[in-house]
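Asker: build me a structure from this.
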Amino acid sequence: YMGDFKLPGKELRKKGINRIGNLLVPNKNYCNFEDWMAPLISKMHDEQDEKWMEQAKRLVSNEGADEEEPIKPFSYTPSEFIARMGKEI
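Answerer: Numbering: from 1, shown residues only. Predicted structure coming up:
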């Protein structure tokens, strides 16, 4: 259901409703969403850490020191995060 970002989450939860931004979700559905989302966030975190470590190892070993592009640590952008959620669905 459509709601508003300004609705009081604490009061909604007393009524069995959770707010995700401006979306209102019954508690059971929210719990299902959370159960699906938590492992995905954990997996993406692990992937991000792995890519950071790869970059750090390259930096320490001076691999890529002559490359035109500097070594950049990896992190997901909001758009990449949303795309990944879509892929997982």
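Asker: pLDDT weak spots in this protein?
Answerer: Within the chain, the stretches with pLDDT under 70 are 63-73.
Asker: for it, what spans make up the helices?
Answerer: 9-14, 27-60, 78-88 (DSSP state H).
Asker: which one of those helices lies nearest to residue 21?
Answerer: Proximity to residue 21, assessed across these by C-beta to C-beta, is greatest for helix 9-14 (10.8 Å). In short, each C-beta sits where N, CA and C put it, glycine included.
Asker: contacts for that closest one, please.
Answerer: By C-beta atoms under 8 Å, 6 or more residues apart in numbering, the residues outside helix 9-14 that reach it are 18-19, 24, 27.
Asker: looking at those residues, which one is closest to residue 45?
Answerer: residue 18 (22.7 Å).
Asker: now for the closest one: which residues touch it?
Answerer: Contacts of residue 18 by C-beta under 8 Å, 6+ apart are 9, 12, 24-27, 30.
Asker: how about a cut-off of 10 Å?
Answerer: Counting by C-beta atoms under 10 Å, 6 or more residues apart in numbering, residue 18 touches 9, 12, 24-31, 33-34.
Asker: list the backbone torsions phi and psi for the closest residue in space to residue 21 that isn't next to it in sequence.
Answerer: Nearest non-adjacent residue to residue 21, counting by C-beta to C-beta, 6 or more residues apart in numbering: residue 5, 6.2 Å away. With angles defined as degrees, to the nearest 10, residue 5 sits at phi -60, psi -30.
Asker: separation between residue 81 and residue 17?
Answerer: When distance is defined by C-beta to C-beta, to the nearest Å, residue 81 is 25 Å away from residue 17.
Asker: the two: who's more crowded?
Answerer: Taking neighbours as other C-beta atoms under 10 Å, residue 81 and residue 17 compare with residue 17 leading, 18 against 14.
Asker: how much space separates that one from residue 32?
Answerer: 14 Å.
Asker: TSV for the helices of the chain, including distance to residue 1?
Answerer: Listed next are the helices of the chain as TSV, based on distance: least, C-beta to C-beta, whole Å:
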stretch	distance to residue 1
helix 9-14	11
helix 27-60	11
helix 78-88	20
